[in-house]
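Participant: Take this sequence and fold it.
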Amino acid sequence: MRWFRRRRLVNTLWLLLACCLLFLAEAVAENQLYQTRFLTGWVLLAAVVGLTVLNFRKKLPILPLGKVAAWVQIHIYLGLFAFVAYWIHADALVPTGFLDILLGALFLLVAFSGVVGLWLSRVLPRRLTRKGENLLYERLPGFGAQLGREVEELVMRSASEYNSTSIPRFYHDRLRPFFLKPRNFWAHVFQSRVPLHRLAEQMRAVERYLGNDEKEIMAAIAQRVETKNGLDYQYAAQSLLKRWLFVHIPITYGMLLVAVIHVMLAYAFDGAA
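Facilitator: Alright, predicted model coming up:
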């Protein structure tokens, strides 16, 4: 823990130093009657290009390019520096003109999705660890299907051995959809157990009309419902960890494309002037 605090302090000091140097460079350039928008614009573009390098680093894990964890730290603090550079370049976050507004909106979307991704990468792994064994994402549907087959066997047993209609009817109405695929995605994201408690209450309501043997079957089904709920939690958490990049990265490349057009127009008009 002490090492993490020291690393955070050192990185924060480097960030503050870089921001101070940027403010100083802008002040000096303005004093020399240089168009500071070009200075801050190139600094901002260089920072954004540097941020995209992390994506290529993840695709080349075997090359001796340093630890991914170190690159992630660089990405985080360079992203904060890029936001400061944007704030200076865009005159307090109020761009004018269609292209500037589009570029500003894309930049803020990239920044927001990056903050969300950082939060997800910090919070969700700890949640998954507290929930028990961390299963492979690709195997979760198979485990869920296996639980569904086990519940079907218990339901068929209740119908054949005890001539029960309550459990098969309840399975058809409520449990079968639950076991067909992952459920309650957003409830798991926000750690709400309301859907599970509601289903448990419905199972207890059916249990009042069952005999002792049927209650044992219902108890076995309830255990599998709890296990399936845990699998759905892992599916929701791991899906977010994997899919947020499908939002963050395309917007980043779109922003870079608009940024290139922005630079060309800036030099074509302001630069000529």
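
Participant: now stretch 253-265, how far from the centre of its chain.
Facilitator: Put simply, stretch 253-265 sits 26 Å off its chain's centre (CA atoms, centre = their mean, to the nearest Å).

Participant: Check the average confidence over it, would you?
Facilitator: Mean per-residue pLDDT for stretch 253-265: 88.

Participant: Now that stretch: buried residues?
Facilitator: For stretch 253-265, burial by neighbour count (16 or more other CB atoms under 10 Å) applies to 255, 256, 258, 259, 262. Glycine gets a C-beta too; all of them are placed from N, C-alpha and C.

Participant: now stretch 214-221
Facilitator: Applying 16+ other CB under 10 Å to stretch 214-221 flags 214, 217, 218, 221 as buried.

Participant: got it, and stretch 222-231?
Facilitator: Result for stretch 222-231 [16+ other CB under 10 Å]: buried residues 224, 225, 228, 229, 230, 231.

Participant: What is the distance between whichever helix or strand the fifth one is part of and the centre of its chain?
Facilitator: Residue 230 is part of helix 212-243, with elements assigned from DSSP states H and E. Using CA atoms, centre = their mean, the distance from the centre of helix 212-243 to the centre of the chain it belongs to is 23 Å.

Participant: ok, residue 239 - how many residues close by?
Facilitator: Around residue 239 there are 16 other residues, counting by other CB atoms under 10 Å.

Participant: Report the separation between it and residue 120.
Facilitator: 10 Å (CB to CB, to the nearest Å).

Participant: What of residue 20?
Facilitator: From residue 20 to residue 120 the distance is 31 Å (CB to CB).

Participant: Wait, residue 99 touches residue 260, no?
Facilitator: No - at 11.4 Å, residue 99 does not count as touching residue 260 under the criterion of CB atoms under 8 Å.

Participant: sorry, back to before: closest to residue 153 out of the buried residues of stretch 222-231?
Facilitator: residue 224 (10.5 Å; CB to CB).

Participant: list the contacts for residue 90?
Facilitator: 100, 104 (CB atoms under 8 Å, 6 or more residues apart in numbering).

Participant: Could you tell me how many residues sit around residue 242?
Facilitator: 11.

Participant: Relative to residue 238, how far out is the residue found closest to it once you drop the neighbours it is linked to in the chain?
Facilitator: Spatially, and ignoring its direct neighbours in sequence, residue 242 is nearest to residue 137 (6.9 Å; CB to CB, 6 or more residues apart in numbering). Distance, residue 137 to residue 238, using CB to CB: 4 Å.

Participant: circling back: let me know the next secondary structure element after the helix holding residue 230.
Facilitator: Downstream of helix 212-243, the first helix or strand assigned by DSSP H and E is helix 245-266.

Participant: Identify all contacting residues around that following helix.
Facilitator: When contacts are defined by CB under 8 Å, 6+ apart, helix 245-266 is touched by residues 37-38, 41, 45, 48-49, 51-52, 55, 99-100, 102-103, 106-107, 109-110, 113-114, 117.

Participant: switch the cut-off to 7 Å
Facilitator: 41, 45, 48, 52, 55, 99, 102-103, 106-107, 109-110, 113-114, 117 (CB atoms under 7 Å, 6 or more residues apart in numbering).
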